[in-house]
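**Q** Sequence below, structure please.
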Amino acid sequence: MQRSGIADLPLHGGSVPKWLADRMTMLGTAIVENVVHHYGRSALMSRLADPFWFQALGSVMGMDWHSSGITTSVLGALKRGLNPRAHELGIYVCGGRGRHSRRTPDELRGYADRTSLNGDSLVRASRLAARVDNNAIADGFQLYLHGFILTANGEWTIVQQGMNGASGLARRYHWHSATVKNFIDEPHTGIVGEHQGTIMNLVASPAAPAQHALLDVVRERPEVTLSNVRKLTMPTHHDVRPSNVDLKRLGAVLAVAYEREFNDFASLLLLEKLGPRTLQSLALVAEVVHGTPTRFSDPARFSFAHGGKDGHPFPVPLKTYDETIHVLRRSLESAKLGNIEKIDGLRRLDRFVQAIEYSNAPHADFDQTLAREKAISRSLGGKTVGGKTVGGKAVGGKAVRGKTVAPKSRPGAAIQLSLF
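**A** Numbers count the residues shown, from 1 in each chain. Model (predicted):
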(Lines give C-alpha, C1' and ligand atoms only; values in the text may rest on other atoms or scores of the structure.)
Protein backbone atom coordinates (compact mmCIF):
# COMPACT_ATOMS: atom_id res chain seq x y z
CA MET A 1 0.00 0.00 0.00
CA GLN A 2 1.07 3.59 -0.49
CA ARG A 3 0.52 6.73 1.47
CA SER A 4 0.19 9.84 -0.64
CA GLY A 5 2.38 11.80 1.78
CA ILE A 6 3.51 12.45 5.33
CA ALA A 7 4.35 15.55 7.31
CA ASP A 8 6.39 15.91 10.49
CA LEU A 9 5.28 18.80 12.69
CA PRO A 10 6.32 20.20 16.08
CA LEU A 11 3.82 19.45 18.84
CA HIS A 12 1.96 22.56 19.97
CA GLY A 13 -0.40 22.99 22.87
CA GLY A 14 -3.27 25.42 23.30
CA SER A 15 -6.60 25.69 21.58
CA VAL A 16 -8.24 27.68 18.80
CA PRO A 17 -10.40 30.53 20.15
CA LYS A 18 -13.98 30.79 18.96
CA TRP A 19 -13.37 34.03 17.06
CA LEU A 20 -10.86 32.22 14.85
CA ALA A 21 -12.61 28.82 14.73
CA ASP A 22 -15.79 30.41 13.36
CA ARG A 23 -13.86 32.26 10.67
CA MET A 24 -11.86 29.15 9.78
CA THR A 25 -15.13 27.31 9.22
CA MET A 26 -16.42 29.98 6.86
CA LEU A 27 -13.18 30.48 4.95
CA GLY A 28 -12.37 26.77 4.70
CA THR A 29 -15.85 26.02 3.40
CA ALA A 30 -15.63 28.81 0.82
CA ILE A 31 -12.23 27.58 -0.39
CA VAL A 32 -13.55 24.02 -0.74
CA GLU A 33 -16.59 25.27 -2.67
CA ASN A 34 -14.32 27.18 -5.03
CA VAL A 35 -12.12 24.15 -5.68
CA VAL A 36 -15.17 21.94 -6.29
CA HIS A 37 -16.77 24.54 -8.55
CA HIS A 38 -13.71 24.87 -10.78
CA TYR A 39 -12.13 21.41 -10.62
CA GLY A 40 -14.56 18.94 -9.08
CA ARG A 41 -14.63 16.79 -5.95
CA SER A 42 -11.90 14.43 -7.13
CA ALA A 43 -9.45 17.32 -7.41
CA LEU A 44 -10.34 18.35 -3.87
CA MET A 45 -9.56 14.84 -2.60
CA SER A 46 -6.22 14.93 -4.37
CA ARG A 47 -5.33 18.28 -2.80
CA LEU A 48 -6.33 17.24 0.70
CA ALA A 49 -4.06 14.21 0.25
CA ASP A 50 -1.11 16.47 -0.51
CA PRO A 51 0.67 17.36 2.77
CA PHE A 52 2.04 20.62 1.31
CA TRP A 53 -1.37 21.83 0.10
CA PHE A 54 -2.98 20.84 3.39
CA GLN A 55 -0.36 22.81 5.30
CA ALA A 56 -0.84 25.84 3.03
CA LEU A 57 -4.62 25.62 3.57
CA GLY A 58 -4.13 25.70 7.33
CA SER A 59 -1.72 28.61 7.04
CA VAL A 60 -4.04 30.70 4.90
CA MET A 61 -6.82 30.03 7.43
CA GLY A 62 -4.83 31.70 10.22
CA MET A 63 -3.27 28.72 11.99
CA ASP A 64 0.37 28.69 13.05
CA TRP A 65 2.16 27.80 9.86
CA HIS A 66 4.02 24.69 11.03
CA SER A 67 2.25 23.42 14.13
CA SER A 68 0.61 20.05 14.64
CA GLY A 69 -2.59 21.90 15.53
CA ILE A 70 -3.25 22.64 11.86
CA THR A 71 -4.46 19.07 11.37
CA THR A 72 -7.10 19.07 14.10
CA SER A 73 -8.23 22.63 13.41
CA VAL A 74 -8.55 22.33 9.64
CA LEU A 75 -10.41 19.01 9.80
CA GLY A 76 -12.68 20.38 12.51
CA ALA A 77 -13.44 23.53 10.53
CA LEU A 78 -14.21 21.55 7.37
CA LYS A 79 -16.40 19.11 9.30
CA ARG A 80 -18.45 21.95 10.79
CA GLY A 81 -18.78 23.76 7.48
CA LEU A 82 -19.23 20.93 4.98
CA ASN A 83 -21.32 18.30 6.77
CA PRO A 84 -24.49 20.41 7.05
CA ARG A 85 -24.28 20.82 3.26
CA ALA A 86 -23.18 17.30 2.39
CA HIS A 87 -26.35 16.73 0.38
CA GLU A 88 -25.49 19.77 -1.75
CA LEU A 89 -21.70 19.52 -2.11
CA GLY A 90 -21.37 15.73 -1.98
CA ILE A 91 -18.56 15.91 0.58
CA TYR A 92 -18.68 14.44 4.07
CA VAL A 93 -16.06 14.65 6.83
CA CYS A 94 -15.85 11.92 9.46
CA GLY A 95 -13.71 11.33 12.51
CA GLY A 96 -11.40 13.73 14.25
CA ARG A 97 -9.29 13.66 17.38
CA GLY A 98 -9.60 11.20 20.27
CA ARG A 99 -13.18 10.14 20.89
CA HIS A 100 -14.25 11.66 17.58
CA SER A 101 -11.93 9.28 15.74
CA ARG A 102 -13.67 6.32 17.36
CA ARG A 103 -16.98 7.48 15.91
CA THR A 104 -15.67 7.23 12.35
CA PRO A 105 -17.19 3.79 11.57
CA ASP A 106 -20.66 4.88 12.68
CA GLU A 107 -20.38 8.14 10.78
CA LEU A 108 -19.27 6.35 7.61
CA ARG A 109 -22.10 3.82 7.82
CA GLY A 110 -24.60 6.59 8.47
CA TYR A 111 -23.47 8.57 5.43
CA ALA A 112 -23.32 5.36 3.34
CA ASP A 113 -26.93 4.58 4.20
CA ARG A 114 -27.98 8.00 2.93
CA THR A 115 -26.01 7.73 -0.31
CA SER A 116 -26.14 3.99 -1.17
CA LEU A 117 -22.38 3.61 -0.72
CA ASN A 118 -20.84 0.43 0.66
CA GLY A 119 -20.45 1.32 4.32
CA ASP A 120 -18.60 -1.86 5.24
CA SER A 121 -15.95 -1.25 2.57
CA LEU A 122 -15.48 2.31 3.74
CA VAL A 123 -15.11 1.23 7.35
CA ARG A 124 -12.61 -1.43 6.28
CA ALA A 125 -10.54 1.18 4.42
CA SER A 126 -10.63 3.43 7.48
CA ARG A 127 -9.51 0.71 9.86
CA LEU A 128 -6.89 -0.67 7.49
CA ALA A 129 -5.18 2.71 7.04
CA ALA A 130 -5.20 3.22 10.81
CA ARG A 131 -3.71 -0.24 11.45
CA VAL A 132 -0.97 0.24 8.87
CA ASP A 133 0.10 3.66 10.18
CA ASN A 134 -0.25 2.78 13.85
CA ASN A 135 1.00 -0.81 13.93
CA ALA A 136 2.57 -1.97 10.67
CA ILE A 137 4.89 1.00 10.24
CA ALA A 138 7.26 1.02 13.18
CA ASP A 139 8.15 4.71 13.24
CA GLY A 140 7.46 5.48 16.90
CA PHE A 141 4.29 7.52 16.31
CA GLN A 142 0.98 6.53 17.92
CA LEU A 143 -2.16 7.75 16.22
CA TYR A 144 -4.49 10.08 18.09
CA LEU A 145 -6.36 11.63 15.16
CA HIS A 146 -8.15 10.00 12.25
CA GLY A 147 -10.03 12.04 9.65
CA PHE A 148 -11.90 10.48 6.73
CA ILE A 149 -13.13 12.80 3.96
CA LEU A 150 -15.56 11.13 1.60
CA THR A 151 -17.30 12.15 -1.62
CA ALA A 152 -20.78 11.11 -2.73
CA ASN A 153 -19.29 8.79 -5.36
CA GLY A 154 -17.08 6.96 -2.88
CA GLU A 155 -13.68 8.57 -3.37
CA TRP A 156 -11.89 9.27 -0.12
CA THR A 157 -8.93 10.89 1.53
CA ILE A 158 -7.70 9.87 4.96
CA VAL A 159 -5.69 12.26 7.13
CA GLN A 160 -4.22 10.78 10.31
CA GLN A 161 -1.87 12.17 12.91
CA GLY A 162 0.35 10.41 15.42
CA MET A 163 2.43 11.62 18.33
CA ASN A 164 5.98 10.84 19.35
CA GLY A 165 6.48 12.15 22.85
CA ALA A 166 10.20 11.42 22.85
CA SER A 167 10.96 13.58 19.80
CA GLY A 168 8.33 16.23 20.49
CA LEU A 169 6.92 15.77 17.00
CA ALA A 170 3.60 14.87 15.46
CA ARG A 171 3.45 13.01 12.16
CA ARG A 172 0.59 13.43 9.74
CA TYR A 173 -0.22 10.66 7.26
CA HIS A 174 -2.17 11.28 4.06
CA TRP A 175 -3.97 8.59 2.08
CA HIS A 176 -5.92 8.88 -1.16
CA SER A 177 -8.08 6.10 -2.56
CA ALA A 178 -6.75 6.83 -6.06
CA THR A 179 -3.19 5.96 -5.02
CA VAL A 180 -3.80 2.81 -2.98
CA LYS A 181 -2.19 0.34 -5.36
CA ASN A 182 -2.40 -3.06 -3.69
CA PHE A 183 -5.63 -2.48 -1.84
CA ILE A 184 -8.03 -2.17 -4.75
CA ASP A 185 -7.47 -1.91 -8.48
CA GLU A 186 -10.14 0.71 -9.15
CA PRO A 187 -10.76 2.84 -6.06
CA HIS A 188 -14.25 4.06 -7.02
CA THR A 189 -15.52 0.66 -8.12
CA GLY A 190 -13.90 -1.29 -5.34
CA ILE A 191 -15.38 0.94 -2.66
CA VAL A 192 -18.73 1.81 -4.12
CA GLY A 193 -19.74 -0.57 -6.86
CA GLU A 194 -20.06 -4.27 -7.44
CA HIS A 195 -17.60 -6.72 -5.94
CA GLN A 196 -14.42 -6.89 -8.02
CA GLY A 197 -12.35 -9.24 -5.85
CA THR A 198 -11.21 -9.77 -2.29
CA ILE A 199 -10.28 -6.64 -0.36
CA MET A 200 -7.24 -7.31 1.81
CA ASN A 201 -8.01 -7.00 5.54
CA LEU A 202 -4.69 -6.90 7.36
CA VAL A 203 -6.21 -7.47 10.79
CA ALA A 204 -8.06 -10.65 9.81
CA SER A 205 -6.54 -14.06 10.58
CA PRO A 206 -6.46 -15.25 6.92
CA ALA A 207 -4.26 -12.27 6.03
CA ALA A 208 -0.98 -13.85 7.18
CA PRO A 209 0.78 -13.41 3.79
CA ALA A 210 -0.06 -9.72 3.75
CA GLN A 211 1.11 -9.35 7.34
CA HIS A 212 4.46 -10.95 6.47
CA ALA A 213 4.78 -8.61 3.51
CA LEU A 214 4.21 -5.62 5.77
CA LEU A 215 6.84 -6.90 8.19
CA ASP A 216 9.29 -6.97 5.29
CA VAL A 217 8.47 -3.32 4.63
CA VAL A 218 9.03 -2.44 8.27
CA ARG A 219 12.44 -4.18 8.26
CA GLU A 220 13.52 -2.25 5.19
CA ARG A 221 15.57 0.90 5.67
CA PRO A 222 13.25 3.90 6.15
CA GLU A 223 14.81 5.85 3.28
CA VAL A 224 13.92 2.98 0.95
CA THR A 225 10.42 2.47 2.32
CA LEU A 226 9.58 6.17 2.09
CA SER A 227 11.42 6.94 -1.16
CA ASN A 228 8.15 7.26 -3.06
CA VAL A 229 6.37 9.27 -0.38
CA ARG A 230 6.11 13.04 -0.58
CA LYS A 231 7.36 14.22 2.80
CA LEU A 232 7.13 17.58 4.51
CA THR A 233 9.34 18.10 7.55
CA MET A 234 8.67 21.34 9.37
CA PRO A 235 11.34 23.17 11.42
CA THR A 236 11.14 23.36 15.19
CA HIS A 237 11.28 27.15 15.37
CA HIS A 238 7.91 28.84 15.80
CA ASP A 239 8.52 32.14 14.04
CA VAL A 240 8.45 32.58 10.26
CA ARG A 241 11.90 33.22 8.77
CA PRO A 242 13.05 34.28 5.29
CA SER A 243 14.38 30.77 4.65
CA ASN A 244 10.84 29.41 5.08
CA VAL A 245 9.38 31.60 2.33
CA ASP A 246 9.83 31.82 -1.43
CA LEU A 247 10.49 35.57 -1.47
CA LYS A 248 10.08 35.92 -5.23
CA ARG A 249 6.56 34.49 -5.12
CA LEU A 250 5.72 36.62 -2.10
CA GLY A 251 7.17 39.63 -3.92
CA ALA A 252 4.73 39.10 -6.79
CA VAL A 253 1.79 39.00 -4.35
CA LEU A 254 2.93 42.19 -2.62
CA ALA A 255 3.51 43.95 -5.93
CA VAL A 256 -0.05 43.18 -7.06
CA ALA A 257 -1.40 44.34 -3.72
CA TYR A 258 0.55 47.57 -3.22
CA GLU A 259 1.59 48.86 -6.64
CA ARG A 260 -1.15 51.13 -7.95
CA GLU A 261 -0.97 50.01 -11.58
CA PHE A 262 -1.22 46.34 -10.58
CA ASN A 263 -3.66 47.03 -7.76
CA ASP A 264 -6.20 48.65 -10.07
CA PHE A 265 -5.95 45.86 -12.63
CA ALA A 266 -6.21 43.12 -9.99
CA SER A 267 -9.39 44.70 -8.63
CA LEU A 268 -10.76 44.78 -12.17
CA LEU A 269 -10.05 41.07 -12.56
CA LEU A 270 -12.07 40.37 -9.41
CA LEU A 271 -14.78 42.87 -10.32
CA GLU A 272 -14.40 44.24 -6.81
CA LYS A 273 -13.20 47.55 -5.42
CA LEU A 274 -10.74 46.25 -2.87
CA GLY A 275 -8.01 47.67 -0.70
CA PRO A 276 -4.41 46.46 -0.99
CA ARG A 277 -4.43 44.37 2.17
CA THR A 278 -7.48 42.39 1.04
CA LEU A 279 -5.91 41.89 -2.38
CA GLN A 280 -2.85 40.43 -0.66
CA SER A 281 -5.01 37.89 1.17
CA LEU A 282 -7.13 37.08 -1.86
CA ALA A 283 -4.07 36.52 -4.03
CA LEU A 284 -2.83 33.87 -1.60
CA VAL A 285 -6.29 32.31 -1.25
CA ALA A 286 -6.54 32.24 -5.05
CA GLU A 287 -3.29 30.28 -5.19
CA VAL A 288 -4.61 27.74 -2.69
CA VAL A 289 -7.68 27.28 -4.89
CA HIS A 290 -5.99 27.29 -8.30
CA GLY A 291 -2.28 26.62 -7.74
CA THR A 292 -0.55 23.49 -8.99
CA PRO A 293 1.22 21.13 -6.51
CA THR A 294 4.62 22.69 -7.16
CA ARG A 295 3.36 25.99 -5.75
CA PHE A 296 3.11 24.72 -2.16
CA SER A 297 6.71 23.89 -1.33
CA ASP A 298 6.78 26.81 1.16
CA PRO A 299 3.55 26.65 3.21
CA ALA A 300 4.82 29.46 5.48
CA ARG A 301 4.24 31.96 2.66
CA PHE A 302 0.49 31.48 2.99
CA SER A 303 0.56 32.75 6.55
CA PHE A 304 1.00 36.19 4.99
CA ALA A 305 -2.69 36.05 4.08
CA HIS A 306 -4.16 36.07 7.57
CA GLY A 307 -1.23 35.76 9.98
CA GLY A 308 -1.25 33.22 12.81
CA LYS A 309 -3.19 32.85 16.04
CA ASP A 310 0.00 33.04 18.13
CA GLY A 311 1.16 36.18 16.35
CA HIS A 312 3.56 34.50 13.91
CA PRO A 313 4.31 36.04 11.52
CA PHE A 314 1.79 38.63 12.74
CA PRO A 315 -1.62 38.72 14.50
CA VAL A 316 -4.71 37.61 12.60
CA PRO A 317 -6.15 40.74 10.88
CA LEU A 318 -9.85 40.21 11.60
CA LYS A 319 -11.11 42.97 9.31
CA THR A 320 -9.18 41.57 6.35
CA TYR A 321 -10.18 38.01 7.22
CA ASP A 322 -13.86 38.96 7.26
CA GLU A 323 -13.59 40.86 4.00
CA THR A 324 -11.89 37.87 2.35
CA ILE A 325 -14.75 35.61 3.46
CA HIS A 326 -17.27 38.18 2.23
CA VAL A 327 -15.69 38.37 -1.23
CA LEU A 328 -15.56 34.58 -1.56
CA ARG A 329 -19.14 34.05 -0.39
CA ARG A 330 -20.45 36.79 -2.64
CA SER A 331 -18.70 35.28 -5.65
CA LEU A 332 -20.08 31.83 -4.85
CA GLU A 333 -23.62 33.17 -4.51
CA SER A 334 -23.27 34.99 -7.83
CA ALA A 335 -22.10 31.77 -9.47
CA LYS A 336 -25.20 29.96 -8.21
CA LEU A 337 -27.29 32.60 -9.96
CA GLY A 338 -25.44 32.04 -13.24
CA ASN A 339 -22.99 34.94 -12.97
CA ILE A 340 -19.55 33.33 -13.13
CA GLU A 341 -17.53 36.52 -13.62
CA LYS A 342 -16.82 37.07 -9.94
CA ILE A 343 -15.90 33.49 -9.11
CA ASP A 344 -13.67 33.29 -12.19
CA GLY A 345 -11.99 36.49 -11.03
CA LEU A 346 -10.11 34.49 -8.40
CA ARG A 347 -8.57 32.30 -11.09
CA ARG A 348 -7.67 35.33 -13.21
CA LEU A 349 -6.06 36.93 -10.16
CA ASP A 350 -3.90 33.84 -9.61
CA ARG A 351 -2.77 33.91 -13.25
CA PHE A 352 -2.03 37.61 -13.01
CA VAL A 353 0.15 37.18 -9.91
CA GLN A 354 2.08 34.40 -11.64
CA ALA A 355 2.53 36.58 -14.71
CA ILE A 356 4.07 39.26 -12.48
CA GLU A 357 6.25 36.65 -10.80
CA TYR A 358 7.60 35.33 -14.10
CA SER A 359 8.24 38.78 -15.54
CA ASN A 360 10.15 41.26 -13.42
CA ALA A 361 8.81 41.09 -9.88
CA PRO A 362 11.61 41.57 -7.33
CA HIS A 363 12.03 39.46 -4.24
CA ALA A 364 10.04 40.63 -1.23
CA ASP A 365 11.95 42.37 1.51
CA PHE A 366 11.10 40.06 4.40
CA ASP A 367 11.91 42.48 7.23
CA GLN A 368 10.00 45.36 5.63
CA THR A 369 7.02 43.12 4.97
CA LEU A 370 6.84 42.06 8.61
CA ALA A 371 7.32 45.65 9.77
CA ARG A 372 4.44 46.77 7.55
CA GLU A 373 2.12 44.06 8.83
CA LYS A 374 2.86 44.89 12.44
CA ALA A 375 2.44 48.60 11.75
CA ILE A 376 -1.07 48.14 10.35
CA SER A 377 -2.10 45.31 12.66
CA ARG A 378 -4.10 47.45 15.07
CA SER A 379 -6.03 49.17 12.29
CA LEU A 380 -7.01 45.77 10.86
CA GLY A 381 -8.21 44.38 14.17
CA GLY A 382 -5.12 42.19 14.64
CA LYS A 383 -5.72 39.54 17.27
CA THR A 384 -3.89 36.62 18.89
CA VAL A 385 -5.01 33.78 21.14
CA GLY A 386 -4.28 36.04 24.09
CA GLY A 387 -6.97 38.39 22.86
CA LYS A 388 -4.51 41.24 22.44
CA THR A 389 -3.76 43.29 19.39
CA VAL A 390 -0.04 43.35 18.64
CA GLY A 391 1.75 45.90 16.52
CA GLY A 392 2.33 49.59 16.06
CA LYS A 393 0.10 52.33 14.79
CA ALA A 394 -1.26 52.34 11.30
CA VAL A 395 0.50 54.80 9.03
CA GLY A 396 -2.24 56.99 7.67
CA GLY A 397 -4.50 53.96 7.54
CA LYS A 398 -2.36 52.54 4.74
CA ALA A 399 0.40 50.01 4.45
CA VAL A 400 4.00 51.15 4.44
CA ARG A 401 5.53 49.84 1.23
CA GLY A 402 9.18 48.94 0.95
CA LYS A 403 10.99 50.06 -2.17
CA THR A 404 12.20 46.58 -3.00
CA VAL A 405 8.63 45.36 -3.47
CA ALA A 406 7.83 47.66 -6.37
CA PRO A 407 8.52 46.29 -9.88
CA LYS A 408 10.29 48.68 -12.17
CA SER A 409 7.87 48.32 -15.02
CA ARG A 410 4.46 46.90 -15.76
CA PRO A 411 4.13 43.71 -17.82
CA GLY A 412 2.98 44.22 -21.36
CA ALA A 413 -0.48 43.96 -22.85
CA ALA A 414 0.07 40.31 -23.75
CA ILE A 415 -0.29 39.39 -20.09
CA GLN A 416 -3.55 41.27 -19.81
CA LEU A 417 -4.99 39.70 -22.93
CA SER A 418 -4.19 36.22 -21.70
CA LEU A 419 -6.40 36.79 -18.67
CA PHE A 420 -9.65 37.60 -20.43
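**Q** which helices and strands does the helix or strand containing Ala56 pack with?
**A** Applying DSSP states H and E as the criterion places Ala56 in helix 51-60. On a contact count with 3 or more C-beta pairs under 8 Å, 6 or more residues apart in numbering; DSSP states H and E, helix 51-60 meets strand 5-10, helix 18-39, helix 41-48, helix 69-82, strand 169-176, strand 231-233, helix 276-290, helix 303-306. (C-beta placed from N, C-alpha, C; glycine too.)
**Q** again, only using 7 Å
**A** When contacts are defined as 3 or more C-beta pairs under 7 Å, 6 or more residues apart in numbering; DSSP states H and E, helix 51-60 packs onto strand 5-10, helix 69-82, strand 231-233, helix 276-290, helix 303-306.
**Q** got the contact list for that helix?
**A** 5-7, 31, 47-48, 65, 70, 73-74, 172, 174, 230, 232, 284-285, 288, 293, 296-297, 299-300, 302-303, 305-306 (C-beta atoms under 7 Å, 6 or more residues apart in numbering).
**Q** run the last query once more with 8 Å
**A** 5-7, 27-28, 31, 47-48, 65-66, 70-71, 73-74, 159, 172, 174, 230-232, 234, 284-285, 288, 293, 296-297, 299-303, 305-306, 308 (C-beta atoms under 8 Å, 6 or more residues apart in numbering).
**Q** JSON lines please, covering the helices and strands packed on helix 51-60 and showing mean neighbour count and distance to Thr104.
**A** Output for the helices and strands packed on helix 51-60, formatted as JSON lines (neighbours: other C-beta atoms under 10 Å; distance: least, C-beta to C-beta, whole Å):
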{"stretch": "strand 5-10", "mean neighbour count": "22", "distance to Thr104": "20"}
{"stretch": "helix 69-82", "mean neighbour count": "23", "distance to Thr104": "11"}
{"stretch": "strand 231-233", "mean neighbour count": "15", "distance to Thr104": "24"}
{"stretch": "helix 276-290", "mean neighbour count": "25", "distance to Thr104": "26"}
{"stretch": "helix 303-306", "mean neighbour count": "26", "distance to Thr104": "30"}
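**Q** Turn the ones you listed into CSV, including distance to Val180 and mean pLDDT.
**A** Below are the helices and strands packed on helix 51-60 laid out as CSV (distance: least, C-beta to C-beta, whole Å; pLDDT from 0 to 100):
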stretch, distance to Val180, mean pLDDT
strand 5-10, 13, 73
helix 69-82, 20, 94
strand 231-233, 18, 73
helix 276-290, 25, 97
helix 303-306, 32, 96
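**Q** closest one to Asn164 among the ones you listed?
**A** With C-beta to C-beta as the criterion, Asn164 lies closest to strand 5-10 of the helices and strands packed on helix 51-60, at 9.0 Å.
**Q** coming back round to it: Arg41: which of the helices and strands packed on helix 51-60 is closest?
**A** That would be helix 69-82 among these, by C-beta to C-beta, at 11.1 Å.
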